[in-house]
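Trainee: need coordinates for the below:
(one chain, ligands or ions: 1)
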Amino acid sequence: MKAVIPAAGLGTRFLPITKSIPKEMIPIIDKPMIHYIIDEAVQSGIHDIVLITAHGKEAIQNFFTRNHELEDRLAGAGKEEWAKDIRRIAESCNIIPVIQESPAGLGHAVGCAKDVVGNETFAVLLGDDMIDTSPYSGVAACTKQLIDIQRSNGMSVVGVMEVPELDVVKYGIVSGSKISEKTFRVEQIVEKPSVKDSPGRHAIPGRYVVDPVIFKYISETKPGKNGEIQFTDSLLKLSLNEGLLAHEFIGDRYDTGDRIGYLDATLTFGLRRPDLRDGLINLMKKHLKD
Ligand code: G1P
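Mentor: This is a model prediction of the structure:
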């Protein structure tokens, strides 16, 4: 299975840094955000990553490509472990870049992957949403949880989580009828509804496993919310014709496209690092005293 990661956006929510650094390359501690997303795909058994990207964002591909000169220099300086780490990143996945010529919406971005994905079920992971399953022992990566549901039911699936009523305006929202405790069949799906028009409180934080028939629905989708070709609208067509499941995954989600969500992820991952934990706690104590 391949994973599609849309990463062609301008990153306006994170200006000014995104003027020259792709949003996806902003680090959480010392790894770019997108590395955490690709790790989730890799942990879900996916090696081929279709990166929907734009001109000027080559730093992303470069990060996931071998750099022999750097590896040799590190090895020559006795830093074999660092050299191995750098090499491991490039070998963990195969990045297939596809340029999205114009920013016409998430549905359009996913549609750009059509020729590379072909006629196979594929995963979509959005880079602003980090889903961490490491606090839950024995729980698979979020995308793997969805792949398992897709395989056992033979139907496309979106990952969902419950959000407070006031937050429905930020997400694609779904509702439907339960087929098991954590899974339901989607009957309604709306992109960023108002509180009043929302079909419920189950939001899609950027994880999907979809049948390739979605490409047909994307090509039939007219611009919707904000004049963009919305992936949610294509998923609605899929739900009506082929069926779509929503699954409440296990995992902690961080909205790293938002400054507070980004800081939350940075603190959480920093506190988990044995080499940083004590220093970070001391710093936090100092700041809280001030
Ligand atoms: C996109 C999708 C939306 C989804 C959200 C998750 O919106 O259109 O359906 O719930 O990602 O983060 P965006 O946040 O890119 O505006």
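
Trainee: spit out the contact partners of residue 27.
Mentor: residue 33 (C-beta atoms under 8 Å, 6 or more residues apart in numbering). The C-beta positions use only the backbone N, C-alpha and C, and glycine is treated the same way.

Trainee: please redo it, this time with the cut-off set to 6 Å
Mentor: Residue 27 sits next to no residue when contact means C-beta atoms under 6 Å, 6 or more residues apart in numbering.

Trainee: next, it: phi, psi?
Mentor: phi -80, psi 150 (degrees, to the nearest 10).

Trainee: distance of it relative to the ligand?
Mentor: 20 Å (C-beta to the nearest ligand atom, to the nearest Å).

Trainee: what's the distance between that residue and residue 7?
Mentor: 15 Å (C-beta to C-beta, to the nearest Å).

Trainee: can you point out the buried residues in stretch 68-81?
Mentor: Neighbour-count burial for stretch 68-81 flags 71, 74 (criterion: 16 or more other C-beta atoms under 10 Å).

Trainee: contacting residues around that stretch?
Mentor: 82, 83, 86, 87.

Trainee: what is the burial count for the second one?
Mentor: For residue 83, the neighbour count with other C-beta atoms under 10 Å is 19.

Trainee: which of the helices or strands spans it?
Mentor: helix 80-92 (DSSP states H and E).

Trainee: give the rounded mean pLDDT of that helix.
Mentor: On average, the pLDDT along helix 80-92 is 91.

Trainee: residue 268: what secondary structure?
Mentor: helix (DSSP: H, G, I helix; E, B strand; the rest coil).

Trainee: gap between it and residue 5?
Mentor: In terms of C-beta to C-beta, residue 268 sits 22 Å off from residue 5.

Trainee: these two: which is more packed in?
Mentor: residue 5 (25 against 16).

Trainee: does any part of the helix or strand in which that one is found sit near the ligand?
Mentor: In this assignment (DSSP H and E), residue 5 forms part of strand 2-6. No. Shown here: strand 2-6 not in contact with the ligand (C-beta under 6 Å from any ligand atom), separated by at least 8.5 Å.

Trainee: so who does the closest residue in space to residue 276 that isn't next to it in sequence touch?
Mentor: Using C-beta to C-beta, 6 or more residues apart in numbering and skipping the chain neighbours, the partner closest in space to residue 276 is residue 270 (5.1 Å). Counting by C-beta under 6 Å, 6+ apart, residue 270 makes contact with 29, 276, 280.

Trainee: any chance of JSON lines for the residues you listed, columns neighbour count and secondary structure?
Mentor: Shown next, in JSON lines, are the contacts of residue 270 (neighbours: other C-beta atoms under 10 Å; DSSP: H, G, I helix; E, B strand; the rest coil):
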{"residue": "29", "neighbour count": "12", "secondary structure": "coil"}
{"residue": "276", "neighbour count": "15", "secondary structure": "coil"}
{"residue": "280", "neighbour count": "15", "secondary structure": "helix"}
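
Trainee: how far away is residue 101 from residue 108?
Mentor: 10 Å.

Trainee: I misspoke; the intended subject was residue 97.
Mentor: Distance of residue 97 to residue 108, given as C-beta to C-beta: 17 Å.

Trainee: what about the two, which has more around it?
Mentor: residue 108 (24 against 17).

Trainee: and the helix or strand encompassing that one, what does it pack onto?
Mentor: Assigned by DSSP H and E, residue 108 belongs to helix 106-111. Packing partners of helix 106-111 (3 or more C-beta pairs under 6 Å, 6 or more residues apart in numbering; DSSP states H and E): helix 231-241.
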